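Asker: I'll drop the sequence and a predicted model, then ask my questions.
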Amino acid sequence: MRKWWPLVAVSLGVFMLLVDVTIVIVALPAIGSDLDASPSDLQWVMDGYALTLAALLLGAGSLADRSGRRRVYTGGLALFAAASLLCGLAGDPAVLVAARAVQGIGAAAMLATAMALLNSTYQGRDRGVAFGVWGAVSGAAAAVGPVLGGVLTEYLGWRWIFLVNLPLCAAAFALSLAVLPESRNPAAGRMDRAGTAAFTVAAGSAVYVLISGGSEGWASAGTLGFAALSAVALAAFLLVERRAAHPMLDLSLFRRARFTGVMLCGLLFSGVAFAYLPYTSLWVQSVLGLGPVGGGLVVLPMSALAFAVSALAGRHLPRVPAWLALGGGLALIGAGSLLQARLDAGSGWTALVPGLALTGLGVGVVSPVLAATAMAAVPPERGGMAGGALNTFRQLGQALGIAAFGIVLQQGLARALDSGPGAALGASAAGQLGSGQAGEVVAAAPAGQADGVVHLVREAFAGALNDVMLASGVTGLAGAAVVGLLLVRKAAPAPARPAAPTPTAGSGGADEAAAPLRAAGR
């Protein structure tokens, strides 16, 4: 059994960081009420984590190749623990958002090194077992997150969704020092600091524009300024990556239709399948009155079915043509969103179940194929870079999706409450509903009018959530068509470019580990 302790150490860290992507979803109403957070504050609680995780994945992998993968992994664990403590003690939204961003830095260090640590520790059949367990743990984290978050929030308080990380981090840290071997890439190139910085500024500014544009106005000085900053930073990133001797992302890979299709699929996959869940959680808890546990159980049909399909059919799905599996899976996810876009003032949580189940089916189809197709789309020496880029695009898709759907929700609420009977609730009602404070809106109703206000609140939020689901569904179906067309094209010859001596994103040995995936992906 001793040989499996390194797997336990890595899996424990990865489980925590992936759970923290979704565990916050069901706690948002409680956070909004306790900290008097605005809708944009709640969006940043989600996006601060996902965005820093996405922005730093590739850079953290490169750093690990040079400085030592165990060192970077354990450093990430320590930082993740410290940030979790700060999250649990936060007394206002600004501190919580900042702490979540620091959590994302630690999570990037862990996720970027996980595959390389396993690959350097295990050989032969043991390596296959290790990666199989690691994949199962990753899938289970998505299923457990909302339910675990609901239990902790309802019985201990929302702060415990962060504080529970402390003993787990301590155990993983001690175990990692004891059992994980240190490994480096002796041929690793210099870390692409300029590219990492430019990408972080570009992505962060773009998310800020989406969030601030919906609340402050698209023509406000702050929104326009950050839009310009994002454009300049993106141009700088493209220029740096084209000229760098060892870029963290080889832009020439995007000349390959298959690679572009996989990255687009990763971006849309996380955005369409998961980014609307925070707003679903607000509806079922603050409007329908379910507790946090109930809010977590509502999304269980999606996560459980996704896990079951991925586990039971995962070994067969890579044999399906990539264009059909990924394009078809995205189409199922989009159709699942559209199936949920039929809510009204009288709807209960059960109205979501058929659509969530269909979405879960699509997620279960896409998940096992996505990584294999990414590895198969590039030369062997670029396998690690492809894996890191895919994780980056997935996290970025969720961050952008949360921000974009937040705009749709707030505009839908404002439209419903700006005129007609809803106008009687006041100009601030849309913001209160968007931050999970429907109870406060009802409590402020004049005597004898509470029932009418409840109906208005349910009607307004149901209509706004329908808009979110419609936007998600149309994006998913359109994306499915584009991804399918890109993947069905024959691969172009590899661009003439000298191979970099090191893949990034903590890939170290990930290229070797990905060899069977490449074969399956073809």
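Answerer: Thanks, I have it.

Asker: in stretch 51-62, what's buried?
Answerer: For stretch 51-62, the buried set under the neighbour-count rule, 16 or more other Cβ atoms under 10 Å, comprises 51-62. Using the backbone N, CA and C atoms, a C-beta is placed for each residue, glycine as well.

Asker: what does stretch 407-417 give?
Answerer: Counting neighbours by 16+ other Cβ under 10 Å, one finds that the buried residues in stretch 407-417 are 407-410, 412-414, 416-417.

Asker: Restricted to strands, list these.
Answerer: Helix and strand membership here follows DSSP state E; of these, not one is in strands.

Asker: Pull the most distant pair out of the residues you listed.
Answerer: The largest distance within the buried residues of stretch 407-417, taken as Cβ to Cβ, falls between Ile407 and Leu417 and amounts to 16.0 Å.

Asker: how about the helices in the stretch 201-350 of the chain?
Answerer: Taking DSSP state H, counting those that start in this stretch as the criterion, the stretch 201-350 of the chain carries its helices at 221-243, 257-274, 277-282, 292-298, 300-313, 322-340.

Asker: Out of the ones you listed, which is closest to Leu166?
Answerer: Among the helices of the stretch 201-350 of the chain, helix 292-298 sits nearest to Leu166 (Cβ to Cβ), with 20.5 Å.

Asker: For the closest one, give me every contacting residue.
Answerer: Residues from elsewhere that reach helix 292-298 (Cβ atoms under 8 Å, 6 or more residues apart in numbering): 25-27, 29-30, 146-151, 153-154, 280-281, 284-285, 290, 349, 352, 356.

Asker: sorry, back to before: return the member of the buried residues of stretch 51-62 nearest to Gln123.
Answerer: Taking those together and measuring to Gln123 by Cβ to Cβ, the closest member is Gly61, at 21.6 Å.

Asker: measure that closest one to Leu177 for me?
Answerer: Look at Gly61 and Leu177: by Cβ to Cβ, to the nearest Å, they are 21 Å apart.

Asker: any idea how far Ala478 is from Pro292?
Answerer: When Cβ to Cβ is the yardstick, Pro292 and Ala478 sit 34 Å from each other.

Asker: Comparing these two, which residue is more hemmed in?
Answerer: Summary of the neighbour comparison: Pro292 and Ala478, criterion other Cβ atoms under 10 Å, with Pro292 having more neighbours (28 against 14).

Asker: any idea how far the more buried one lies from Pro380?
Answerer: Between Pro292 and Pro380 the distance, using Cβ to Cβ, works out to 46 Å.

Asker: got a list of what Ile25 touches?
Answerer: Contact criterion Cβ under 8 Å, 6+ apart gives 46, 145-146, 149, 277-278, 281, 295-296, 299 as the residues in contact with Ile25.

Asker: right, and out of these, which lies closest to Ser337?
Answerer: For these, with Ser337 as the reference and Cβ to Cβ as the criterion, the closest is Leu277, at 11.0 Å.

Asker: How many residues are close by the closest one?
Answerer: Counted with other Cβ under 10 Å, the burial measure for Leu277 works out to 27 neighbours.

Asker: That one is in contact with Val299, isn't it?
Answerer: Yes. Taking contact to mean Cβ atoms under 8 Å, the distance of 6.0 Å between Leu277 and Val299 places them in contact.

Asker: Touching both of the two, which residues are there?
Answerer: Each of 25, 146 lies in contact with both Leu277 and Val299 under the rule Cβ under 8 Å, 6+ apart.

Asker: ok, Val408 touching Gly473?
Answerer: No. Shown here, Val408 and Gly473 do not form a contact pair, counting by Cβ under 8 Å, at 12.0 Å.

Asker: Report the spatially closest residue to Thr22, excluding sequence-adjacent ones.
Answerer: Across the structure, with Cβ to Cβ, 6 or more residues apart in numbering as the measure, the residue nearest Thr22 apart from its sequence neighbours is Gly145 (3.3 Å).

Asker: now do Gly150
Answerer: Once its chain neighbours are removed from consideration, Gly150 has its nearest residue in Gly296; the separation is 3.0 Å (Cβ to Cβ, 6+ apart).

Asker: okay, now the one you found: neighbour count?
Answerer: By other Cβ under 10 Å, neighbour count at Gly296 equals 30.

Asker: Ala311 and Leu297: what is the separation?
Answerer: Using Cβ to Cβ, we find Ala311 at a distance of 20 Å from Leu297.

Asker: show me the contacts for Leu210.
Answerer: Residues near Leu210 by Cβ under 8 Å, 6+ apart: 400, 403-404, 406-407.

Asker: What does the pLDDT read for it?
Answerer: As predicted, Leu210 sits at a pLDDT of 85.

Asker: Would you map the helices across the stretch 51-200 of the chain?
Answerer: Going by DSSP H, counting those that start in this stretch, the stretch 51-200 of the chain shows helices at 69-89, 93-121, 124-155, 160-163, 165-179, 193-216.

Asker: count of residues packed around Pro321?
Answerer: 14.

Asker: typo on my end, it should be Asp34
Answerer: Neighbour count of Asp34, defined by other Cβ under 10 Å: 14.

Asker: Could you shift the numbering so residue one becomes 581, and keep it that way?
Answerer: Will do, 581 is the new start, and the previous item becomes Asp614.

Asker: so it makes contact with Trp738?
Answerer: Yes. When contacts are counted by Cβ under 8 Å, Asp614 is listed as touching Trp738 (6.8 Å).

Asker: so what sits against both of these two?
Answerer: When contacts are counted by Cβ under 8 Å, 6+ apart, Asp614 and Trp738 have no shared neighbour.

Asker: List the buried residues in stretch 1034-1047.
Answerer: Judged by neighbour count using 16+ other Cβ under 10 Å, the buried positions of stretch 1034-1047 are 1034, 1036-1047.

Asker: How about residues contacting that stretch?
Answerer: Counting by Cβ under 8 Å, 6+ apart, the neighbours of stretch 1034-1047 from elsewhere in the structure are 859-860, 862-863, 867, 921-927, 988-993, 995-997, 1001-1002, 1004-1005, 1010, 1013, 1018, 1021-1022.

Asker: 6 Å instead?
Answerer: Under the criterion Cβ atoms under 6 Å, 6 or more residues apart in numbering, residues 863, 867, 921, 923-925, 927, 988-989, 992-993, 996-997, 1001-1002, 1013, 1018, 1021-1022 lie in contact with stretch 1034-1047.

Asker: hang on, the earlier thing: quick one: closest of the helices of the stretch 631-780 of the chain to Ala902.
Answerer: So among the helices of the stretch 631-780 of the chain, helix 704-735 is nearest, using Cβ to Cβ, at 18.0 Å.

Asker: What is the closest one packed up against?
Answerer: Packed against helix 704-735, as judged by 3 or more Cβ pairs under 6 Å, 6 or more residues apart in numbering; DSSP states H and E, are the following elements: helix 585-602, helix 740-743, helix 872-878, helix 880-893.

Asker: Looking at those, which is nearest to Ala694?
Answerer: Set against Ala694 and scored by Cβ to Cβ, the helices and strands packed on helix 704-735 come closest in helix 585-602, at 5.1 Å.

Asker: Mind listing what's buried along that closest one?
Answerer: By 16+ other Cβ under 10 Å, the buried positions in helix 585-602 come out as 586-602.

Asker: And stretch 601-620, by the same measure?
Answerer: Using 16+ other Cβ under 10 Å as the test for burial, stretch 601-620 gives 601-613, 615, 617-620.

Asker: likewise stretch 918-925?
Answerer: The neighbour-count criterion (16+ other Cβ under 10 Å) identifies 918-921, 923 as the buried residues of stretch 918-925.
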